[in-house]
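Engineer: sequence unknown, structure follows:
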């Protein structure tokens, strides 16, 4: 499925907790939050608002604590 990045909620260096929204996608007029799976620090953000992404694309990297 193809989606468009609506927003990037956290940038490199930000601390996130499990369940925090990191990126919000839009597909078929639905917003899809992408959440952190574990506590950690955002190491990389590979997309920006307006980027078109596909299933299995890497969007961000979070280094776990």
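Structural biologist: Now that the structure is in, tell me what you want to look at. As the structure is a prediction and not an experimental result, all values here were calculated from the model.
Engineer: tell me the pLDDT at the residue nearest the centre of the chain?
Structural biologist: Central residue of the chain (CA atoms, centre = their mean): residue 23, 3.1 Å from the mean position. Per-residue confidence at residue 23 stands at 98 (pLDDT).
Engineer: I figured it hits residue 49, correct?
Structural biologist: No: with contact defined as CB atoms under 8 Å, residue 23 does not count as touching residue 49 (9.4 Å). All C-beta spots, glycine's among them, are computed from the backbone N, C-alpha and C.
Engineer: correct me, but residue 50 touches residue 3?
Structural biologist: No: in this structure, residue 50 is not within contact of residue 3 by CB under 8 Å, at 11.6 Å.
Engineer: which of these two has more neighbours?
Structural biologist: The neighbour comparison of residue 50 against residue 3 (other CB atoms under 10 Å) goes to residue 3, with 22 against 9.
Engineer: mean confidence score for the helix or strand containing the more buried one?
Structural biologist: Element membership for residue 3, per DSSP states H and E: strand 2-8. Average pLDDT, strand 2-8: 98.
Engineer: residues contacting it, please?
Structural biologist: By CB atoms under 8 Å, 6 or more residues apart in numbering, the list of residues contacting strand 2-8 from outside reads 22-27, 31-32, 45, 47-54, 59-60.
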